[in-house]
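Participant: sequence-free structure coming up:
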Ligand code: G3P
Ligand code: MG
């Protein structure tokens, strides 16, 4: 099996249900529940700065409007990415990947960077995010895991930073998913938990790849997957699943 330095439990969008997703406040909240690994979504500003945001548009999770990729980092960094969630988070900024890297490295936390390009920006985003991650984690023993639903983005990431570990994200067992993951040199495949079963795990493990799932918030599902030998579980339920307990506590 390829080297796998990541904890089993990974907080989704930096624990982004109990705090505003993809903000430092969410990471801090996950950390307060004992989480030591985080997933976040990263895309590019108009001037090429990698930053955290899930949607292509700004409305749902910030005080901004329209396509995030049209604004410069200077404009994006002035938005409120916390007030939509609750008054206690008002003024929380959109983080840059650089800011989140500093937080994770300082605390010894692992990061799964989901490359989430604006439509049409797949190659540019994969390349820029990988190059930035390579720079930010240059001297670190545990490198961030780069994942994406977009094979083109992963290919660009591989070309820009071949040494960084990659994972293909899939929502369905579509034709060609396994060959694609192998061709991209992936160390893992991250699937919707509903399509992960013993045969998928066996296929991945036989090819020395790891099996990871998103987004598991149900204890019965978590127990099923742990019993099957899953390697990573991305969850929102950081207050219910204890990453330090050996079993699934919920
Ligand atoms: O990286 C796994 C998961 O985050 C993928 O779905 O939509 O929450 O980014 P989404
Ligand atoms: Mg994601």
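Facilitator: On my side now, so go ahead. For clarity, every value in this text was computed on a predicted model and none was experimentally measured. Residues are numbered from 1 along each chain as shown. Ligands and ions are numbered 1, 2, ... in the order given.

Participant: what's the distance between the spatially closest residue to residue 91 that is not a sequence neighbour and ligand 1?
Facilitator: Nearest in space to residue 91, with sequence neighbours left out and distances taken as C-beta to C-beta, 6 or more residues apart in numbering, is residue 80 at 5.7 Å. To be clear about C-beta, it is placed using only N, CA and C from the backbone, and glycine gets the same treatment. Distance from residue 80 to ligand 1, counting by C-beta to the nearest ligand atom, to the nearest Å: 21 Å.

Participant: these two touch, right, residue 80 and residue 90?
Facilitator: Yes. Between residue 80 and residue 90 there is a contact under C-beta atoms under 8 Å: 6.2 Å.

Participant: Break down this structure into its strands, ranges please.
Facilitator: Applying DSSP state E to the chain gives strands spanning 9-11, 37-44, 50-52, 110-115, 145-148, 166-170, 188-192, 210-214, 232-235.

Participant: burial measure for the closest residue in space to residue 203 that isn't next to it in sequence, as a count.
Facilitator: Among residues not flanking residue 203 along the chain, residue 178 sits closest, at 6.5 Å (C-beta to C-beta, 6+ apart). By other C-beta atoms under 10 Å, 18 other residues sit near residue 178.

Participant: now swap in residue 34 and tell me
Facilitator: Residue 34 has 15 neighbours, counted by other C-beta under 10 Å.

Participant: correct me, but it touches residue 243?
Facilitator: Yes. In this structure, residue 34 is within contact of residue 243 by C-beta under 8 Å, at 5.2 Å.

Participant: give me the residue from this protein nearest ligand 1.
Facilitator: Ligand 1 sits closest to residue 214 of the chain, with a gap of 3.7 Å, by C-beta to the nearest ligand atom.
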